[in-house]
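A.B. asks: Dropping the sequence and predicted coords here.
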Amino acid sequence: MTDPLSRLGGSTARRLSRLGALARFGFGALRAATALTAAGRAVALRVAINQIRFTAVHAVGLVVFLSGILSFLVISQAVRELGRYGATDFIGTLIVIAIVRELGPLITALTVAGRSGTAIAAELATNKVLGEVRALEAMGIDPRQYLVLPRFVGGLVSVFILLVLFDVVAVSAGFAAAGFNGMSGERYTEIVLRSLAFKDVLLTVGKALTFGAIVGIVPSYFGLAVRGAPTEIPVAASRATVASIVGIFLCSALFVVIG
Amino acid sequence: MTGPLVFEQIPLGARAAPPLSLELPAHATVAILGDENSGVGTLGGYALGLEQPPAGRVRVFGTVIVDLPERDRLAFRRQVGYLPAGDGLLQNLSLRDNVALPLRFGSDASPREIEGRVTVMLTAVRVGAVARLRPSQVNEEERRRAALARAIAFDPSLLILEQPFDGLTGRTASELLEFARGGETAEGARRTVLITGQDLPAVIHRRIERVYRLTRAGTLELEPA
């Protein structure tokens, strides 16, 4: 019988080992990119564009909806409450720090992880179970180049595009909410622009790229980690989503420390 | 040993069984049959270096693929055609795109040349009419035909087929065999073909140069022609 401390150590070691494997997988995919031939690059690019269509274009409505509602609610409440104390200047801080810098990247990444991360993991796990990954290797095609790299690029580009969209819609919805609650458009614009610093833009871009990498790589790793039983497919999808969400929150916290 | 495909001391199936050693002569079609537990299903993977045998080695055109660096291993496999059991077609691509994929990824041919070659191959295996459909939208025979066309996309001189005729009629199986062999030359078939599986239709059995069977004891026996 093992004592609780040993069990805790064993579980931590397993998690660290999985993290190491995930890192190796990610670097392996990046290294595979350097070995792509011109012909392979064209095929991988076509797959990546398809990924961006599924991940970004098809999620536009959802992101616009979430961003609009969130921003409208937060700014409406803020204008009312802060207005009572004559502190409406803080609305700029609220929209820039709370929405553009923190909630925007977080909600966008969580949306993509929940919507597309699950799909990526399930798709790749199915590819593996049906012997398609083996068939690719037999044809001389590196699965990392054909399957993983396009999803990695798709994740990066999609999260970036959706985040820009989220922030534009959030600031616009905030504009509408401010007007709805009696604040002039000029004042709102002036407050927001005054609060927005270059560092905020830099942090937001950094988060978009980091979260995009997570939603591209983590589901691919879990999808390709299945061994061959169809029952592993839903397990892989579930694990991929949980791991992506945890990764996104951890990195978000890390960005707070850095920023 | 100089054949295009040589198995050297490969342990298969039963523990006490003697390891398999076999050389495939060039331009011949050879079948190795055995039941599910015989280990015959692993031969294709060993030959292509997709899996490493527990002992012994497999030489393809004199090269042990598993010993090559990863990048070279992938490139080398393009010299060998492979039809895996269950076809291995990518479900999210049409039959046409499945056949074109290895050429688009691994050849320097122009898109126009690739499209032309793919059209010729799809017509030859008689799936031209359903080429725009995905594997789930066509029947098993059409999937197998498309998978064979993909296996010979690079016009390899060695072809490995796993259970290629299961569930097909004798006539279709004969057609696929002829297509796999790639026509006749003075030395025999244009391609060297290895077929693995549990059994063969009688019509195919008669047309293959050598048919071996792995017995329950693990020995390899040549079946009478």
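C.D. replies: Alright, I've got the coordinates. Numbers count the residues shown, from 1 in each chain, chains lettered A, B, ... in the order given.

A.B. asks: so where does the residue lying closest to B:A131 once chain neighbours are set aside fall, helix or strand?
C.D. replies: Closest residue to B:A131 apart from its sequence neighbours, by CB to CB, 6 or more residues apart in numbering or on different chains: B:R96 at 4.1 Å. Where you see a C-beta, it was placed from the backbone N, CA and C, and this is true even at glycine. Element membership for B:R96 (DSSP states H and E) is helix B:95-106.

A.B. asks: relative to helix B:95-106, how tilted is the next helix or strand after that helix?
C.D. replies: Sequence order places helix B:111-124 as the next helix or strand after helix B:95-106, per DSSP H and E. Helix B:111-124 and helix B:95-106 are oriented at 140 degrees to each other (axes from the mean of the first three to the mean of the last three CA atoms, to 10 degrees).

A.B. asks: buried residues in helix B:111-124?
C.D. replies: Along helix B:111-124, these residues count as buried under the neighbour rule (16 or more other CB atoms under 10 Å in any protein chain shown): B:I114, B:R117, B:V118, B:M121, B:L122.

A.B. asks: The last one against B:A131, yeah?
C.D. replies: Yes - counting by CB atoms under 8 Å, a contact exists between B:L122 and B:A131, whose distance comes to 4.9 Å.

A.B. asks: which residue ranges form the strands in chain B?
C.D. replies: Secondary structure of chain B (DSSP state E): strands at B:5-10, B:20-24, B:29-33, B:57-60, B:80-83, B:158-162, B:184-185, B:188-189, B:192-197, B:210-214, B:220-222.

A.B. asks: Please see if the fourth one touches chain A.
C.D. replies: Meaning strand B:57-60. No - applying CB under 8 Å from any CB of the partner chain, one finds strand B:57-60 separated from chain A by no less than 12.2 Å.

A.B. asks: what packs against that strand?
C.D. replies: Contacts defined by 3 or more CB pairs under 8 Å, 6 or more residues apart in numbering or on different chains; DSSP states H and E place strand B:57-60 against strand B:5-10, helix B:43-48.

A.B. asks: could the ones you listed be laid out in JSON lines, adding mean neighbour count and distance to A:I191?
C.D. replies: Below are those laid out as JSON lines (neighbours: other CB atoms under 10 Å in any protein chain shown; distance: least, CB to CB, whole Å):
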{"stretch": "strand B:5-10", "mean neighbour count": "19", "distance to A:I191": "75"}
{"stretch": "helix B:43-48", "mean neighbour count": "24", "distance to A:I191": "65"}
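
A.B. asks: any low-confidence regions in the chain?
C.D. replies: Using chain A here. A:1-2, A:5 (pLDDT under 70).

A.B. asks: switch to chain B, that's the one I care about
C.D. replies: In chain B (pLDDT under 70), the answer is B:1, B:14-15, B:225.

A.B. asks: What parts of it come near chain A?
C.D. replies: Going by CB under 8 Å from any CB, the residues of chain B near chain A are B:45, B:48, B:50, B:70-71, B:74-78, B:82, B:84-86, B:88-92, B:101-102, B:104-108, B:150, B:153.

A.B. asks: What count of nearby residues applies to A:G104?
C.D. replies: Counted by other CB atoms under 10 Å in any protein chain shown, the residues lying close to A:G104 total 30.

A.B. asks: residues in contact with it?
C.D. replies: A:S67, A:L163, A:F166, A:D167, A:A170, A:T204 (CB atoms under 8 Å, 6 or more residues apart in numbering or on different chains).

A.B. asks: Contact partners for the second one?
C.D. replies: Same thing as A:L163. By CB under 8 Å, 6+ apart, the neighbours of A:L163 are A:G104, A:P105, A:T108, A:T204, A:K207, A:A208.

A.B. asks: What about those, which are in strands?
C.D. replies: Among the contacts of A:L163, none falls in strands (DSSP E).
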